[in-house]
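Participant: A predicted structure for the sequence below; I have some questions about it.
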Amino acid sequence: MNYPGDNFYIEKVLNRDTSAYAYIVNRHKDMAFTIAFRILKNREDAEEIAQDAFMKAFNSLEKFKQQSKFSTWLYSIVYNAAISRTRKKQLEMLPVDDHIIENYTFDDITTGINEIDEEEQKKFINNAIAKLPETESVLITLYYKEENSIDQISEIVGMSSSNVKVKLHRIRKKLLTEFNGYIKKKEEVKSIT
Amino acid sequence: MMNNKDHTEDIIRKLIQKTELESPSDGFTDNIMNKIQTESQLEEVNPVPGNNLWYWIIVAFPVSLLVGAALYYFRLDFAGLFNFDYFTQTLIPYVRDLFGRVSDIMSNQEFSPILMVVLISVGFLMIIERALHFGKRMKSYLFII
């Protein structure tokens, strides 16, 4: 069934058809949960934060002006709640390797990608995203997976557009460096065996 | 021909597109909808007066204060209250006098104790209204957990 859009269901909810909210939840639950999970690294906490965000959005639906997308508004609620939860818990941050050495060529990487199968690629990228600092893993997911614009992302995470651009650039480099290292390790193992 | 930036963009996009979003537990949507339903039921059981009703209360409160003060001032009993002569001879001149006093206050820019009492009463009513809203939220929260 074609999804008629968030605004269609929002109108229904505002006209006291609260059951229509289930369509909105089903539509956005995965992304909302993923954002919370990328930040909190814990499924229970992420689920609680995502549920609270949906409830908060529901209770404030009358105030939602529809000037921005509903998803942008919802994700910003999830993001902020998850970030404040990490600050409260003072979770240990994963070490960030900001020292990026670009010792790869694009030919190496393209060849490397072609040499490993789809499942391995998925596994690699999931691990690489998990290693990124919380905000960066959210940024990369919102940009490439959800295909949000830079402006929408800056609204969600509360950063300037130029800051988001710079961060995305750095994340791309980090991931490629990581990928290059992965390919090289594989080659080494291959040559030994 | 692709430049380095486009190439990087292309590789990363292809890789990330292959990943899947995390999914919450199976009962995620049901949990949220149950909470919403519980909140709606609570609102039906404990309806909070709408804004219109509070405007009426705010208007009615100082009026009731004035009426109460007038009754006290004239020591009216119920029999006397329905005496028409009493209204025309005593109460109407008093009301006229009251309007005169209010206009005096306004022209002298002074605040009488009565006016202060009325203003405080209205402010107090507003605080009660906000507290009721907060109470409703807390009740819903406690009911859910």
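Facilitator: Now that the structure is in, tell me what you want to look at. Residues are numbered from 1 along each chain as shown, chains lettered A, B, ... in the order given.

Participant: in the helix or strand hosting A:Lys165, what counts as buried?
Facilitator: Using DSSP states H and E, A:Lys165 falls within helix A:161-192. Neighbour-count burial for helix A:161-192, counted by 16 or more other C-beta atoms under 10 Å in any protein chain shown, picks out A:164, A:167-168, A:171-180, A:182-183. Every residue, glycine included, has its C-beta placed from N, CA and C.

Participant: which strands or helices does it pack on?
Facilitator: For helix A:161-192, the packing partners by 3 or more C-beta pairs under 8 Å, 6 or more residues apart in numbering or on different chains; DSSP states H and E come out as helix A:106-115, helix A:118-131, helix A:134-140, helix A:150-157, helix B:4-17.

Participant: show me what the first one is packed up against.
Facilitator: Helices and strands touching helix A:106-115, by 3+ C-beta pairs under 8 Å, 6+ apart, are helix A:161-192, helix B:4-17.

Participant: next, the buried residues of stretch A:68-80.
Facilitator: So, applying 16+ other C-beta under 10 Å, buried residues of stretch A:68-80: A:69-79.

Participant: er, stretch A:29-47 I mean
Facilitator: A:29-40, A:42, A:45-47.

Participant: contacts with chain B among those residues, please.
Facilitator: When contact is defined as C-beta under 8 Å from any C-beta of the partner chain, the buried residues of stretch A:29-47 meet chain B at A:29-31, A:33-34, A:37, A:46-47.

Participant: among the residues you listed, which lie within strands?
Facilitator: The members of these all map outside strands under DSSP state E.

Participant: that older thread, tell me the least confident of the buried residues of stretch A:68-80?
Facilitator: Among those, A:Lys69 carries the lowest pLDDT, at 91.

Participant: how about the residue lying closest to that one once chain neighbours are set aside, what does it touch?
Facilitator: Nearest residue to A:Lys69 in three dimensions, chain neighbours excluded: A:Gln152, at 6.8 Å (C-beta to C-beta, 6 or more residues apart in numbering or on different chains). For A:Gln152, the contact set (C-beta atoms under 8 Å, 6 or more residues apart in numbering or on different chains) comprises A:68-69, A:72, A:142.

Participant: pretty sure A:Ala20 contacts A:Asp6?
Facilitator: No - applying C-beta atoms under 8 Å, one finds A:Ala20 not in contact with A:Asp6, separated by 10.4 Å.

Participant: the more surrounded of these two?
Facilitator: With neighbours defined as other C-beta atoms under 10 Å in any protein chain shown, A:Ala20 and A:Asp6 compare such that A:Asp6 has more, 19 against 16.

Participant: find the nearest non-adjacent residue to that one, please.
Facilitator: Excluding the flanking residues, the one nearest A:Asp6 by C-beta to C-beta, 6+ apart is A:Phe70, at 3.9 Å.

Participant: from chain B, how far off is that neighbour?
Facilitator: To chain B, A:Phe70 is 15 Å away according to C-beta to the nearest C-beta, to the nearest Å.

Participant: for that residue, give me its contacts.
Facilitator: Going by C-beta under 8 Å, 6+ apart, the list of residues near A:Phe70 reads A:6-7, A:10, A:24, A:28, A:57, A:64.

Participant: reformat the buried residues of stretch A:68-80 as a markdown table; add distance to B:Ser25 and secondary structure.
Facilitator: Shown next, in a markdown table, are the buried residues of stretch A:68-80 (distance: C-beta to C-beta, whole Å; DSSP: H, G, I helix; E, B strand; the rest coil):
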| residue | distance to B:Ser25 | secondary structure |
| --- | --- | --- |
| A:Lys69 | 26 | coil |
| A:Phe70 | 23 | helix |
| A:Ser71 | 21 | helix |
| A:Thr72 | 25 | helix |
| A:Trp73 | 24 | helix |
| A:Leu74 | 19 | helix |
| A:Tyr75 | 20 | helix |
| A:Ser76 | 23 | helix |
| A:Ile77 | 20 | helix |
| A:Val78 | 16 | helix |
| A:Tyr79 | 21 | helix |
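
Participant: just the closest of the buried residues of helix A:161-192 to B:Gly123, please.
Facilitator: A:Val164 (45.3 Å; C-beta to C-beta).

Participant: take the buried residues of stretch A:29-47 and keep only those in helices.
Facilitator: A:29-40, A:45-47 (DSSP state H).

Participant: tell me what angle the least confident helix or strand in chain A by mean pLDDT forms with helix A:161-192.
Facilitator: Every helix and strand of chain A was ranked by mean pLDDT, DSSP states H and E. The lowest is helix A:106-115, at a mean of 71. Angle, helix A:106-115 to helix A:161-192, by axes from the mean of the first three to the mean of the last three C-alpha atoms, to 10 degrees: 70 degrees.
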